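K.L.:
Predicted structure and sequence below. I'll ask about it afterward.
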There are 2 protein chains.
Amino acid sequence: MLQLDTRNVSKEVIGKTHGLDLPSVFKQYGSHMGQLVSNLWQQKDTPQAWRKWLTLGENETLVQQINAYGERIKGQFEHLVIVGIGGSALGGIAMFEALLPSYWNDRSPAQRHGFPKYYFIDNVDPDKLSALLDVLDLKKTLVNVITKSGTTAETMAGYLWLKQALSEAVGPENVPHHLVFTTDPEKGLLRQIAQEEGIVTFEVPEDVGGRFSVFSAVGLLPARLLGLPIELLLKGIRDISPVLQSTDLTANIAAQGALIQYLMYQQGQHISVFMPYSAKLASTADWYVQLWAESLGKKYNNQHEVIHAGPTPLKAVGVTDQHSQVQLFNEGPIDKIFTFVRLERFHHPLQIPNLYPNLPDLSYLGNQPFEKLMNAECDATRASITQNQRPNVTLSLPELDPIHFAQLLFLLEVQTALMGGLLDLDPFDQPGVELGKKYTYALMGRPGFEHLKAEASGQMQEPAKA
Amino acid sequence: MLQLDTRNVSKEVIGKTHGLDLPSVFKQYGSHMGQLVSNLWQQKDTPQAWRKWLTLGENETLVQQINAYGERIKGQFEHLVIVGIGGSALGGIAMFEALLPSYWNDRSPAQRHGFPKYYFIDNVDPDKLSALLDVLDLKKTLVNVITKSGTTAETMAGYLWLKQALSEAVGPENVPHHLVFTTDPEKGLLRQIAQEEGIVTFEVPEDVGGRFSVFSAVGLLPARLLGLPIELLLKGIRDISPVLQSTDLTANIAAQGALIQYLMYQQGQHISVFMPYSAKLASTADWYVQLWAESLGKKYNNQHEVIHAGPTPLKAVGVTDQHSQVQLFNEGPIDKIFTFVRLERFHHPLQIPNLYPNLPDLSYLGNQPFEKLMNAECDATRASITQNQRPNVTLSLPELDPIHFAQLLFLLEVQTALMGGLLDLDPFDQPGVELGKKYTYALMGRPGFEHLKAEASGQMQEPAKA
C-alpha cells in the first residue's frame, strides 16, 4: 500500500513560520474532512455529479470486452497511433512510460512480445505530424481516436488527416479495420461516423470527465493493446478504495494530502510541486499538472466578490531536476509545497562498477546499486529542502508496478476532488477553456462563430518592430 | 530576425490593475537598462565573470575541430549516447527535438542519412538505464560524456556503468574508440582519465556555466554528430548580437523582455510561463526552466534582511496544454506573466482533408492547412488570456531553423542575465544545489562527508502508518 509521510510540514521540523501544528490541525479539521469524503463518495453514482470515475475499478465487463478485442486483433498491427489531447492522452502517456520497458519503440518485435510500437498525436504541428508518416507502416497501423464529444478540433483534424492517409495506403474499403474509436456512448460526431462506417467503438462513460478517465476505456484500451495487465490496474484501485473512503482523517491519506495542500495554499504556498524520484514517472507529473490545474484553477463569485482560485502545479523529476529547478526550490521564495514520490525498491539490481579504485572521488560510488544512489539523492534533496524550511510531503510506493501505479493516480484523483471541496469550488468543470475554443472556431470559420472573429483577432495587429 | 510583441502588457489592452504604461516605463528605465546591457557585454572576456558564453558565436576554430572529428568518425556509429545532466543535457535535448525530423530514432538509417540514433542519460534510474542496454548495439555505439568537473555523481555513475558494458562488448582495448569526453580544459577527473586512456576530448570552456553552454562543444559536438549544420547556429547568434548589445531599450528586445518580466514580478506575477506554439519546442521550454530557475532563484542579504528572490518558470506547450493548464491560466490567480512563442511559418504544407462535407461541425476544418489551425489556436489563446486581463508577450520566429532557433536561445540567455541585473543578484552561480549534493555524498559514503550523514538522514525516520 502507498504511504504518506507528512512530518516535513510540521512546525517541529520546519519551524513555526511555515510549519503546521499537525495534531491540532488534524483535530480541528477532522470532522470537516470526514464530511467532504463522505459527500464525495455518496454521490459516486449521481447523474451529472461527474463522480462516476470513483466506480471505474469495478468495471469487470469492460475488462472482458477490451481483452476480447485485444485477443481478436493480436499480432495484426505493428504500430498503434492514439489520437487524443488533454485527458484523452495524458493518462496513457503516463501509464506506458511508467509500466512498459523504457525505449519501447526501439525494442525489436520479439522484445515487445509482438505488441505494437505506439505514438500519441496530441498536437497539430504539421512538421511533427508529417514526420510521423515517414515512420509508420500504414498497412500495419491501428488508430485509436479518443474524444468524448467528437468535436475536439485538434483530435478531429488529426483523425481526418490519418484517415485520408490510411485510405490511400490500404484502400477506402479497408480503412474501418484500422480504426477504433473511444467516444460518447450515444451522442456526438464520432459515434455517428462509427455507426455509418462500421467502426469498432468503446465508450467514454457518462459522468466521467477527461482528466478522470484514465481507468475507463480511454486508458485501458490502448494499455491492453500494448500488453499491459489491465485487471491489475483495476485491482489496485479496488484495494486502495477503502483507505480513500475512510472518514477518519488519520486513516485517509488522500484527505491528509488535500488538507495539507489546502492549508499551505491558504498561507501562501501557491505552487504545488510534484517531484517523483523515478525517470519513469516523469509523464505522470504531466498528468498531475492537468488534473490539479484544470480541476482547481477556477473563477467564482463569493458574496459579490470575484475569486480567482487555484494553486499552480509544477512538474519536477528527480534526480534530473536537481540540476535545474532545485536551486530555486532551495533558495527562492517560500511559495511552494512539495510532494516527493519515492519508490521503496526498483526492479533492476543494476550496480555501479568500481573501475577506478585508486580515485577516491569516484571509487566511493563503486560496487553500490543505482537504486541506492537514486534514493540517496531523493533523501538528500528532501533533507536540504527541509533544512531550508520548505514544507514537503513524501508519497512512498513499494514498487512501480500496475497495482501501485493505479493506486498513485487514484489517490491523486481523490485528493484533487477533496481539495476542490476545501476550496469550495467545482473540481469537475472547466469553463475557462471555452473562450479560447470559441475564438479558434471563429478564426477557422466554423459556422455560428463568425461574430467572434474581430474579438479573436483583436490583440493581433502587426507586432511592433524590434 | 525575432520580434517581441509587448502590447498585451500595456494598460490600454489589459487594464490599469495589471497593465503597464509602456511609453513611460520605457522612458523611466531606459538609461538603467542601457547601463545593464553595457555592463553585461563589457565583461564578456573578464575572467571569473562567467560571461564568456556571450562570445561563443565567434568560435570558428571549434567548429572546424568538431567538423573534422565528425568527418573522421562518419558512418562508424549507429547509436550516440550522451551522458550528462542539467546544462550538459537540456540544450542538446532541446536542439535535437527542434531541428531534427521528429521521431528520429524511428527513422531508417537512410532516412537519417547515416547519422546515428541518440539517447540522453540524464538520470540514474536503474530500471530505465537497464532497458537502454536492450536496444543498443554497443559495438556501434559512441558515448559522449559531458561534465565540466568530472565529479558530477550522476554523470560519472552513468559513465562507469556504460564503460563496463562497452568493455564487455568490444574488449577493454577498444573502449577508448567508443568514448569522447566534453570536460574542463585542464582540471578534473575526466580530463585525467582521458589523458591516461587516450580518449578524444572537447572543452567546456572556462567561465561558461552549464546552463549557458549549449553553443560550446557541450551542444555543438553532439549536434554535429547528428548531422546538424553547427555553423548556422553560430551565425544565428552573430546575426542577433547587435540587437542584444544595443543600449537603446526601444531596439533591444532582450532588454525589453527582461524589464517586463521584472516589473511583472515586482507587482505579483511571480510565475513566468513559457508557452511555445510548436510541438518541436517542448523541450526548449524545459531548457528555459533551468535557465530561469537556476539563474534567478537566489537567496541574498539586503541590509541585514535575507531576501528569497526568483520568479518560478513554468513550461506549457501549445496547443496541447490548452487542454491541461489553460483553465488555470484563464481563471486562476493573476500571478503569471506569459511568453508565447509563435512561428510565422511551418515547413510542411500539410492540409486537413475535407472528408465529411455534409457535417458542418467538421467540414469547416476541411481544406485548410494545419499551420493555420496551429496559429489560430495560438492567437485564440492569446486573445482569451488577454481578455481575462493577464499580461503576456509574444516572441515571433520567422521559422524554426538552426539560425532562428539559436537566436531564440541566445535572446533568452541575454534576457535572463539582464533580469539578474534588475533583481540585483548574481545570475551565474548556483549555491543552492550544494547542500543536497553534500548530503548525497554523505549518504553514499564519499570520503570527507561522513559528518553530514546524520543530518542528511535526519528527516527520514519511518513514515507514519497510513
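P.N.:
Sure, I can see it.

K.L.:
so A:Asp426, which of the three states?
P.N.:
Classification of A:Asp426 using DSSP: H, G, I helix; E, B strand; the rest coil returns coil.

K.L.:
for A:Arg390, what are its contacts?
P.N.:
A:Arg390 is in contact with A:14, A:18, A:329-330, A:334, A:336, A:338, counting by Cβ atoms under 8 Å, 6 or more residues apart in numbering or on different chains. The C-beta positions use only the backbone N, C-alpha and C, and glycine is treated the same way.

K.L.:
gap between it and A:Ile85?
P.N.:
34 Å (Cβ to Cβ, to the nearest Å).

K.L.:
how long is stretch A:244-256 end to end?
P.N.:
10 Å (Cα to Cα, to the nearest Å).

K.L.:
And it, what's buried?
P.N.:
A:244-247, A:249, A:252-256 (16 or more other Cβ atoms under 10 Å in any protein chain shown).

K.L.:
how about that stretch against chain B, any contact?
P.N.:
Yes: against chain B, stretch A:244-256 shows contacts by Cβ under 8 Å from any Cβ of the partner chain at A:251, A:253.

K.L.:
just stretch A:284-297 next, same as before
P.N.:
Yes: counting by Cβ under 8 Å from any Cβ, contacts between stretch A:284-297 and chain B involve A:286, A:289-290, A:293-294, A:296-297.

K.L.:
any idea how far that stretch is from the chain center?
P.N.:
7 Å (Cα atoms, centre = their mean, to the nearest Å).

K.L.:
Packing partners of the helix or strand encompassing A:Leu409?
P.N.:
A:Leu409 is part of helix A:402-423, with elements assigned from DSSP states H and E. Judged by 3 or more Cβ pairs under 8 Å, 6 or more residues apart in numbering or on different chains; DSSP states H and E, the packing partners of helix A:402-423 are helix A:22-42, helix A:90-99, helix A:230-245, helix A:253-266, helix A:282-296, strand A:392-397.

K.L.:
Downstream of that helix, the next helix or strand is which one?
P.N.:
Counting by DSSP H and E, what follows helix A:402-423 is helix A:434-444.

K.L.:
Alpha carbons only: can I get that following helix in CSV?
P.N.:
Taking Å, rounded to 0.1, in the frame of the first residue of the first chain, the C-alpha atoms of helix A:434-444 are listed here in CSV:
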residue,chain,number,x,y,z
GLU,A,434,-14.4,27.7,-23.6
LEU,A,435,-13.5,31.2,-24.7
GLY,A,436,-10.3,30.1,-26.4
LYS,A,437,-12.1,27.3,-28.2
LYS,A,438,-14.7,29.7,-29.5
TYR,A,439,-12.1,32.1,-30.7
THR,A,440,-10.4,29.2,-32.6
TYR,A,441,-13.7,28.2,-34.2
ALA,A,442,-14.2,31.9,-35.3
LEU,A,443,-10.7,32.1,-36.8
MET,A,444,-11.1,28.8,-38.6
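
K.L.:
Would you mind listing the buried residues in that helix?
P.N.:
A:435-444.

K.L.:
what packs against the longest strand anywhere in chain A?
P.N.:
Using DSSP state E, we find that the single longest strand of chain A is strand A:336-343. In terms of contacts (3+ Cβ pairs under 8 Å, 6+ apart), strand A:336-343 is packed against helix A:253-266, strand A:271-276, helix A:370-387, strand A:392-397.

K.L.:
Is any residue of the strand or helix carrying A:Thr155 near chain B?
P.N.:
Here A:Thr155 sits within helix A:153-170, counting by DSSP H and E. Yes: using Cβ under 8 Å from any Cβ, helix A:153-170 comes into contact with chain B via A:153-154, A:156-157, A:160-161, A:163-164.

K.L.:
What about the residue nearest to A:Asp21 when sequence neighbours are not counted, how many residues nearby?
P.N.:
Nearest residue to A:Asp21 in three dimensions, chain neighbours excluded: A:Lys11, at 5.7 Å (Cβ to Cβ, 6 or more residues apart in numbering or on different chains). By other Cβ atoms under 10 Å in any protein chain shown, the residues close to A:Lys11 number 13.

K.L.:
Okay, and which of the contacts of A:Arg390 map to strands?
P.N.:
A:336, A:338.

K.L.:
pLDDT, neighbour count and distance to B:Phe96 for the contacts of A:Arg390 - can I get that in a markdown table?
P.N.:
A markdown table is the format used below for the contacts of A:Arg390 (pLDDT from 0 to 100; neighbours: other Cβ atoms under 10 Å in any protein chain shown; distance: Cβ to Cβ, whole Å):
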| residue | pLDDT | neighbour count | distance to B:Phe96 |
| --- | --- | --- | --- |
| A:Ile14 | 95 | 23 | 41 |
| A:His18 | 95 | 17 | 41 |
| A:Phe329 | 98 | 30 | 27 |
| A:Asn330 | 97 | 25 | 30 |
| A:Ile334 | 96 | 16 | 37 |
| A:Lys336 | 98 | 25 | 31 |
| A:Phe338 | 98 | 25 | 31 |
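
K.L.:
Among the contacts of A:Arg390, which one sits closest to chain B?
P.N.:
A:Asn330 (3.9 Å; Cβ to the nearest Cβ).

K.L.:
Find the residue closest to that closest one in space, skipping its chain neighbours.
P.N.:
Closest to A:Asn330 by Cβ to Cβ, 6+ apart is B:Gly432, at 3.9 Å.

K.L.:
Quick one: residues contacting the one you found.
P.N.:
Here B:Gly432 is in contact with A:326-331, B:297-299 (Cβ under 8 Å, 6+ apart).

K.L.:
rerun at 7 Å
P.N.:
Contacts for B:Gly432 were tallied using Cβ atoms under 7 Å, 6 or more residues apart in numbering or on different chains; they are A:326-327, A:330-331, B:299.

K.L.:
cool, A:Asp426 as well?
P.N.:
A:Asp426 sits in contact with A:Gly420, where contact means Cβ under 7 Å, 6+ apart.

K.L.:
That one and B:Glu331: what is the separation?
P.N.:
12 Å.

K.L.:
Run through the neighbouring helices and strands of the helix holding A:Thr155.
P.N.:
Applying 3 or more Cβ pairs under 7 Å, 6 or more residues apart in numbering or on different chains; DSSP states H and E, we find helix A:153-170 packed against strand A:79-83, strand A:141-146, strand B:351-352, helix B:370-387.

K.L.:
Could you list the residues in contact with the helix or strand just after that helix?
P.N.:
Once the chain leaves helix A:153-170, the next helix or strand it forms, by DSSP H and E, is strand A:179-183. Residues outside strand A:179-183 that contact it (Cβ under 7 Å, 6+ apart): A:142-148, A:150, A:190-191, A:194, A:199-202, A:204, A:217-218, A:221.

K.L.:
Might you report the residue contacts of A:Arg224?
P.N.:
Residues near A:Arg224 by Cβ under 7 Å, 6+ apart: A:66-67, A:70, A:230.

K.L.:
repeat that for 10 Å
P.N.:
Contacts of A:Arg224 were listed using Cβ atoms under 10 Å, 6 or more residues apart in numbering or on different chains, and they are A:63, A:65-71, A:115, A:217, A:230-231, A:233.

K.L.:
Just the CA coordinates for the strand or helix carrying it, please, in CSV.
P.N.:
Using DSSP H and E, A:Arg224 sits in helix A:217-225. What follows is helix A:217-225, C-alpha atoms only, in CSV (Å, rounded to 0.1, in the frame of the first residue of the first chain):
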residue,chain,number,x,y,z
ALA,A,217,-11.6,2.6,-22.0
VAL,A,218,-9.7,5.9,-22.6
GLY,A,219,-6.6,4.5,-20.9
LEU,A,220,-7.4,0.8,-20.6
LEU,A,221,-7.9,0.1,-24.3
PRO,A,222,-4.5,1.2,-25.5
ALA,A,223,-3.0,-0.2,-22.4
ARG,A,224,-4.3,-3.7,-23.3
LEU,A,225,-3.2,-3.3,-26.9
